[in-house]
Structures are given as C-alpha cells and as structure tokens.
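Asker: Would you be able to build a 3D model of this:
(2 chains)
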Amino acid sequence: MGSPAFVGIQRILVAFDASPHAEHALDVALSMAGDMKAKLFVLAVIRPPEPAESAEFHAVLEDGQERYEKCFVPLRERAKQKEIELETDIVLGHPAEQIIHKADTIQASLIVMGKRSHTILHRWMLGSNSERVLRYAHCPVMIVH
Amino acid sequence: MANTWALCALWVGLALAATLLAIWFKISTALSEIVVGTVAQLVIGVFLAQGGLAGNTQWITFLAGTGAIVLTFLAGAELDPVIFKTKWREASIIGLAGFFGPFLGCTAIAHYVLHWAIMPSWLCGVALSTTSVAVVYAVMLELGFNVTEYGKAILAACFINDLGTVIALGLIFSPFTVKTLIFVVVSVVVFAVLPFLTPRFFKKYGGRVSELEAKYILFLLFAMGGLAVWAGSEAVLPAYMIGMVLAGTVGKDHSLIRRLRTLTFGLLTPFYFIRAGSFVSVPALMAAPVTLLVLFGAKTLTKAVSVYPAVRMHKYDGKAGAYYTLMMSTGLTFGTISALFGLNHQIITQAQYSYIVGTVIASAVIPTIIANSFFLPRHLLPQTVKNVKTEQSIQRPVPAEEG
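Answerer: Below you'll find the predicted structure:
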C-alpha cells in the first residue's frame, strides 16, 4: 500500500490514552483542526493485559470504556465550542496497530500523538508505540512532547 | 512463620509488587503473581526462612481455594447463552475436538515419551487441554470477529473446551461411588433450579447494602464445592457450572459482577496465584528443560491437529483459520487449577507440577512475545481476512460521533 497524494490537512487523528502527554497532543490537534477546518478523530485504545485472563480482561475492558467515555464528554463540548467536527472511537488491541489501522480506515491526513518517556527495559520489552506508528503509518505523524 | 499478620503482610506485599509489575509491563496480574510467587519462594526459602512463603498454611489454603472457586464461577458467568443456543452444534464439535485432542495427546506423550506414570499423565492431559477464552475473546474484539458467525462459534467452543477440562478434572480422579451419584443428581437438580430461583430471590431481597447477592453466590459455591469434595471430586467443577447456568441472569448484573471482582482481585486471587507460583520448583525446571519443551510441543501440536479439521468441517475459510490457532493458548486459571489439584492430591510430584505450570505459562506468553518482537500491523499482513464481515469498534452505550 503506497502513500496517497497529500492534499492538505483534512482529517486529523489523535491517539488518546488520557495521559498528560495525550491531553497535550489533543490541545495541539484541537488548535490545528480549528485553524485548518479539519475533521478531528480521537481514538482511545484499550490494551488488554497479556495474556488476557477471563475476569481481569472483562474488568479492564469495562473500566477502559467507562474511563474514556468520561474523558470524551468535555472534549465534545470543547469541539462544539470551536465548531470542530469530531468523531471519537474506543477500540481494543495493540495501540500502535489500532492507530495505524484507524488512520488507514479514515484516510487521515495527519496523526497526532503524545510522546511518553519509557525506560530502556520497558522499550525493549514492549516497544514504543510512537516509534511503531512512525514506522508503519501511511501519513505524516506529529509527536507532541 | 507463626505471626499471622506478618505472614499476611508478606503475601499482600507480594501481591502489591506483582500488581505494580503487571502495570509496568502490561501483563496480566495472574501471570505476574505466579512469577512473583515462584521467585519469592525461591529467595525467601534460600535466604530467610526454611518454609519460604508457607503456602500450605491453612488460612492461605482457604483464601487461595476460595479464589480459585470464585474465579472459576466468574469465568463460567461470562458465557453468552444466546450465542451458545444458536451455535451449540458447531461449538460442541470444535470445543470437544479442542479438548480431546490435547487431553489424549498430551496424556500419551507424558506417558510414552516422558515415561510418567499413568495418573500423572492423565493429570497432565487435563491441565494442558484448556483454552483461554479471554485470549480468544480479546483478539476477536480486536479484529471485530466477535460479531461474526465464525467468531461466535469459536467463542462458544472455548467454553465447551474448558467445560471438558473441568468435568475431566472433577470426575477422572475421583472414585465412582454412591457419593458420586448423589453429587451428580443433586448438581443436576440445583443447576436446573438456579436460573429460575436466583433472579426471583434477588428481586425480592436484593439491592441492599447487606450484600445478600454476594452471600448467596458464595453460599452456593461453598455448598456445592463441599458436596463435590465429599464425593471425591473438585470444587471448581460445580463453580464453573453454576457460573454457566447463571450467566443469563446474574452474569448480566454488572454491578454484582463488579463487586465480586473487587473481592476476588483485591483479596482472593493474589493468594491463589502466588501460592500456585510458590510451588513451582525452579531447580527442577533447570534440571530438565527438555521436558518443558516436549510438553509445550505436545500441547501446540495436539491442539492444532484436533482443532483444524473441526473448523474446516464447518467450511470456515482457510484464511480465517489463522485465528483458531488462538485456541492453542492455555488459560492460566484452569491450567494452574488442574496442576494444583494434582499436587494437592499427590497425583503428581512437585517437579511434574513445575513442568505443567511452566508449559501453561509458556503457551500463554510465547505467542505474545513473538507478536511483540516481530511487530507488524495485522491488517497490513497479506493474510488479512477479507471474507468475514468485520466491525472494528467495541459496542458501547454512548454513540461515538458527535459534532
């Protein structure tokens, strides 16, 4: 799959995990979407513990859905005030994979995500989501520090 | 260690450490607790106290046992009765194939290749016959297969697979006597009555701060568990069945399930998984690592050989077939429950227990490690399933899009 021709910033995808870094990325994306009259997509990914165990998995799923839905309520209000078209989505899976998949599905012009600082051990064990998105995404990626 | 509170503090401290590790490394708490239990037993046993974590202390055994029972009940309660009713035939064939293949295959390999005695070999077969419903469900949700006919059949098959494991564990190792007959008859009556009695009872007396519902569930689990043990069976057998028969009623009461989860995760399961880990002998594993490899290979091979024809029989597309390999993943809960049952009843030795638990852990984590090491977005892989209608998002109560 090759990269499509760049026709301006029309759809911005923000990867959101409710962390301060993601909040910051969201602020930047909201500002950009307002200036560029772009549609904003906010994606939250629930990552199941590995390996998933029955009761814990369902608890993580329910908890994640509730938490992100709560986060999206003020966000929708902010978008409405700035007259930004907004779409929110909650999915389950590997964050990098789901972000790339969503970007492909909506044909995102730009992915905006926060940069989380991980230890070397953490990066070796789990990898960095932002690095993986940078490697595989078919559109420009903005990492907000 | 005679000081109960000090011992309790040690165990809860380990549970806290295991939870932190699970958060940092994004692994399941159960896995983290097993590993922490193994390491703590080794370190404390060598450097601090001869008995290590004192996992056979009576109150620890009680809390751990209760954890296993409630966890099994919760696993059974996650069954979707509607899916099961519509897909029972396919689910039964695939699920029974997924159970009998590894059960018989691993038993044979343990007996003829590893030269284990017959009873430990049967126990090994039971422990390695399980499938992790949660692992399968997680990937189904991730890929949107949970809403497809294929996904529903596979999910229901996983419950049948685990039911086979629980029934085998509950019946194979118990002598068939009049007590067994009484247990079976009483169980059938109780399982038939519960779906009608429970909702009515809860409607009349439930919804109060006195937690009548939790006490009712615990009473049922303990009473039927007691009957099972009296008959020479295993308490998790009725617990799983009670979960399944109440899945359509109690299982849908999210508030009650959440309260039970708080009790389970907060107090009970740490004792269960840390205890299960504490009995793993690291020296035994290091002395014969080939045994671990043989059991892991046996589990993977027999699962693939048995599940593949069953899935093909129902004309599921070969490409979609990539995902039934998920059924090879072993559930930590049922795998360790079976192994612990064998150890407690002296069916297997501590070394055999260590190999079985090691294999259970390996079959649960190796697919994950491989996936993380060779990361490539699944939807970009050439084998992406195109013939199955997918729906990416998780169903949720609030609409996703607002202007």
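
Asker: Next SSE downstream of the helix or strand hosting residue B:226?
Answerer: Using DSSP states H and E, residue B:226 maps to helix B:212-230. Past helix B:212-230, further along toward the C-terminus, the next helix or strand under DSSP H and E is helix B:236-245.

Asker: ok, and for that next one, which residues are buried?
Answerer: B:236, B:237, B:238, B:239, B:240, B:241, B:242, B:243, B:244, B:245 (16 or more other C-beta atoms under 10 Å in any protein chain shown). Every residue, glycine included, has its C-beta placed from N, CA and C.

Asker: got it, and stretch A:19-31?
Answerer: A:21, A:22, A:25, A:26, A:29, A:30.

Asker: Centre of the chain to that stretch, how far?
Answerer: 10 Å (C-alpha atoms, centre = their mean, to the nearest Å).

Asker: Report whether that stretch contacts chain B.
Answerer: No - figure legend: stretch A:19-31 not in contact with chain B (C-beta under 8 Å from any C-beta of the partner chain); closest approach 13.3 Å.

Asker: would you put the C-alpha positions of that stretch in CSV?
Answerer: These are the backbone C-alpha positions of stretch A:19-31, laid out as CSV (Å, rounded to 0.1, in the frame of the first residue of the first chain):
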residue,chain,number,x,y,z
SER,A,19,-2.3,10.7,30.0
PRO,A,20,-1.0,14.3,30.3
HIS,A,21,1.0,13.8,27.1
ALA,A,22,-2.1,12.7,25.3
GLU,A,23,-4.0,15.7,26.7
HIS,A,24,-1.3,18.0,25.4
ALA,A,25,-1.4,16.3,22.0
LEU,A,26,-5.1,16.8,22.0
ASP,A,27,-4.8,20.5,22.7
VAL,A,28,-2.4,20.9,19.8
ALA,A,29,-4.7,18.8,17.5
LEU,A,30,-7.8,20.8,18.5
SER,A,31,-6.0,24.1,17.7
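
Asker: What is the least confident helix or strand in the chain?
Answerer: Going with chain A. helix A:120-126 (a mean of 56; mean pLDDT, DSSP states H and E).

Asker: To clarify, I was referring to chain B.
Answerer: Scanning chain B with mean pLDDT, DSSP H and E, the lowest is strand B:401-402, at a mean of 36.

Asker: Just name whatever secondary elements the longest helix out of those in chain A is in contact with.
Answerer: Using DSSP state H to define each element, chain A has its longest helix at helix A:54-81. Judged by 3 or more C-beta pairs under 8 Å, 6 or more residues apart in numbering or on different chains; DSSP states H and E, helix A:54-81 is in contact with helix A:20-36, strand A:39-46, strand A:86-92, helix B:58-77, helix B:133-143, helix B:254-263, strand B:401-402.

Asker: switch the cut-off to 6 Å
Answerer: With contacts taken as 3 or more C-beta pairs under 6 Å, 6 or more residues apart in numbering or on different chains; DSSP states H and E, helix A:54-81 sits against strand A:86-92, helix B:58-77, helix B:133-143.

Asker: In the stretch 151-300 of chain B, what residue comes closest to chain A?
Answerer: residue B:261 (5.2 Å; C-beta to the nearest C-beta).

Asker: That residue contacts residue A:59, doesn't it?
Answerer: Yes - because the distance of 5.2 Å satisfies C-beta atoms under 6 Å, residue B:261 is recorded as touching residue A:59.

Asker: Quick check: the gap between the closest residue to residue B:349 other than its chain neighbours and chain A.
Answerer: Nearest non-adjacent residue to residue B:349, counting by C-beta to C-beta, 6 or more residues apart in numbering or on different chains: residue B:120, 7.5 Å away. Per C-beta to the nearest C-beta, to the nearest Å, residue B:120 is found 25 Å from chain A.

Asker: buried stuff in the strand or helix carrying residue B:120?
Answerer: Using DSSP H and E, residue B:120 sits in helix B:118-127. Going by neighbour count (16+ other C-beta under 10 Å), the buried part of helix B:118-127 is B:119, B:120, B:121, B:122, B:123, B:124, B:125, B:126, B:127.

Asker: where does the stretch 1-150 of chain B dip in pLDDT?
Answerer: B:1-2, B:143-147 (pLDDT under 70).

Asker: Chain A contacts on that one?
Answerer: Residues of the stretch 1-150 of chain B lying close to chain A (C-beta under 6 Å from any C-beta of the partner chain) are B:25, B:27-30, B:71, B:74-75, B:78, B:133-135, B:138, B:141-142.

Asker: Quick one: buried ones out of those?
Answerer: Counted by 16+ other C-beta under 10 Å, the residues of the stretch 1-150 of chain B next to chain A give B:27-30, B:71, B:74-75, B:78, B:133-135, B:138, B:141-142 as buried.

Asker: which ones are touching the residue of the stretch 151-300 of chain B closest to chain A?
Answerer: A:55, A:59 (C-beta atoms under 6 Å, 6 or more residues apart in numbering or on different chains).

Asker: returning to what we had before: for the helices and strands packed on helix A:54-81, could you give me TSV that also reports distance to residue B:340?
Answerer: Listed next are the helices and strands packed on helix A:54-81 as TSV, based on distance: least, C-beta to C-beta, whole Å:
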stretch	distance to residue B:340
strand A:86-92	31
helix B:58-77	8
helix B:133-143	19
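
Asker: so of those, which one's packed in deepest?
Answerer: Highest mean neighbour count of those: helix B:133-143, a mean of 25 (counted as mean count of other C-beta atoms under 10 Å in any protein chain shown).

Asker: and it with strand A:39-46, angle?
Answerer: Between helix B:133-143 and strand A:39-46, the angle comes out at 170 degrees (axes from the mean of the first three to the mean of the last three C-alpha atoms, to 10 degrees).

Asker: Can you name every helix or strand that helix B:133-143 contacts?
Answerer: helix A:54-81, helix B:149-172.

Asker: between these, which gets nearest to residue B:267?
Answerer: helix A:54-81 (13.6 Å; C-beta to C-beta).

Asker: how far does the closest one sit from the chain's center?
Answerer: 13 Å.
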